[in-house]
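1. how does the following fold in three dimensions:
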Amino acid sequence: MKYFNLLLDTLSELAQHKLRTLLTLLGMIFGVGAVISMLNIGEGAEREALKMIDNMGLHNLIINAKEFDEKELREQRKHSMGLSIHDGKIAVAAMPFVTAFSAQKVIETYSIFSAEGKSSGAAVGVSANFFTLSKFNLANGRVLKQSDEQAFSQVVLLGASAAKQLFPLGNAIGKNIKINSQWFNVVGVLKAPFLKKTEFQGMKLGGEQNQVFIPLTTALHKFPVKNLASEITSLKLRIDKNVDSIAAAKAVSHLLHRRHNQVDDYTMVIPAALLAQQKQTQQIFNIVMSCVAGISLLVGGIGIMNIMLATVLERTKEIGLLRAVGATQKDIRIQFVAESFTISIMGGLLGVIFGLFLSELISIYSQWAVSWSITAIILSFSICALVGLIFGVYPAIKASKLDPIEALQTD
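-> This next block holds a predicted model:
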């Protein structure tokens, strides 16, 4: 009951100076809101990064054939035939930590159409492992199988966007599409990956949505290949989870350099390294923004101290009267600390609401990924309450040490 009455007295005192209380609250509201929105953006960015890396495969190495102009390509082919399926087979056979591989060949596509529409995408020949080494989810039908490769089957799996373009009314399974001059039967449609961004650390993502996939053997035998082009466009290697991806990449690069006669005709992407780089960048961002938000809370705390010191001067006679009727120094300290603490609690609660609103506003207008972080809410609210408590102590001590007789004689 004692604490309830103290709360009522505190709220009553704050309500007598509404504008001053509001202005004091603003510093805490903006500080807490900044902390929450910053941490929510950081949490969203980290989750989005994990989704993107999951799309590439965290434990994969991606090797892409380099593109050269005709003169350079002729010179390169004197020493190396470029990226090939055999590179993947040798990597699996020679290195125990390489557990599987998939190959991909981008076809020079000038026409993809069906009876219902046409697609502006590209056709890609892929080995059967392509859909297991990366995270692809089916919307309908099935993925390409090893038996499709062995039989040179003319079957096709559609990306989500390509399926909408070719079959706007849906029901693509079992229907036919024409790629350049070849007819293919649709056996499956992929789900669109939920990614807000199409690029991560310089890597283009989500391109498979506008692609159509056919068996690799079919692509290599049914479609013409550019003169001197490498056998495949890219190679994906699955690395054992217990092996460091960067160390594995160095070993694989050494092997490929030897196989390609020291010709640097490929590039390598290490998703695990990209994730580490993203986390480091995000950590720096969080530190900088935390400092900015911390300064905002510090300014808010100074504002509370300033207002409470002014309140002590205004209420000097009241303090003297309370002391005269029996209030102890402890009672005075508790009263003033309670007022500053209540301001910080109110500011923290309003700051949480403001921070969540600001996070959503940033997400809408900047298209950044934002996720609500319970840790951010608890941390910022706790710091805000602590700031109000600390900065209210000095004014409370000063009020409690006023001489009752001198206080009563104050005009």
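2. contacts and neighbour counts: CA atoms only from here.
-> Will do.
3. what about the strands in the stretch 251-400 of the chain?
-> Taking DSSP state E, counting those that start in this stretch to define them, one finds strands in the stretch 251-400 of the chain at 266-269.
4. quick one: low-confidence parts of it?
-> For the stretch 251-400 of the chain, applying pLDDT under 70 flags the ranges 366-369.
5. helices along the stretch 251-400 of the chain, start to end?
-> 271-314, 316-324, 329-366, 374-400 (DSSP state H, counting those that start in this stretch).
6. do the stretch 101-250 of the chain as well
-> 130-133, 146-150, 160-166, 216-222, 245-259.
7. deepest-packed of these, please.
-> Of all these, helix 160-166 carries the top mean neighbour count, a mean of 23, counting by mean count of other CA atoms under 10 Å.
8. could you dump the helices of the stretch 101-250 of the chain into a markdown table and include distance to Q283?
-> Formatted as a markdown table, those follow (distance: least, CA to CA, whole Å):
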| stretch | distance to Q283 |
| --- | --- |
| helix 130-133 | 29 |
| helix 146-150 | 43 |
| helix 160-166 | 34 |
| helix 216-222 | 41 |
| helix 245-259 | 21 |
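9. ok, G170 to Q209 distance?
-> Here G170 is placed at a distance of 15 Å from Q209 (CA to CA, to the nearest Å).
10. for these two, indicate the residue with more neighbours.
-> Q209 (20 against 11; other CA atoms under 10 Å).
11. right, and S340 touches P395 too?
-> No - S340 sits out of contact with P395 when judged by CA atoms under 8 Å, with a separation of 9.3 Å.
12. quickly list the domain ranges of the protein.
-> 2-52+277-408, 56-275 (automatic domain parsing).
13. rewinding a little: in TSV, list the helices of the stretch 251-400 of the chain along with mean neighbour count.
-> Shown next, in TSV, are the helices of the stretch 251-400 of the chain (neighbours: other CA atoms under 10 Å):
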stretch	mean neighbour count
helix 271-314	18
helix 316-324	19
helix 329-366	20
helix 374-400	21
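14. now distance to L83 too, for the ones you listed, in JSON lines please.
-> Putting those into JSON lines (distance: least, CA to CA, whole Å) gives the following:
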{"stretch": "helix 271-314", "distance to L83": "20"}
{"stretch": "helix 316-324", "distance to L83": "85"}
{"stretch": "helix 329-366", "distance to L83": "40"}
{"stretch": "helix 374-400", "distance to L83": "47"}
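15. below-threshold pLDDT in the stretch 1-150 of the chain: ranges please.
-> Scanning the stretch 1-150 of the chain for pLDDT under 70 picks out 1-15, 17, 54-55.
16. quick one, strands of it?
-> Counting by DSSP E, counting those that start in this stretch, the strands of the stretch 1-150 of the chain are 60-65, 98-106, 112-114, 118-119, 122-126, 138-141.
17. in CSV, list these along with mean neighbour count and distance to G27.
-> As requested, those are exported to CSV (neighbours: other CA atoms under 10 Å; distance: least, CA to CA, whole Å):
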stretch, mean neighbour count, distance to G27
strand 60-65, 22, 48
strand 98-106, 22, 56
strand 112-114, 20, 59
strand 118-119, 20, 55
strand 122-126, 23, 55
strand 138-141, 16, 50
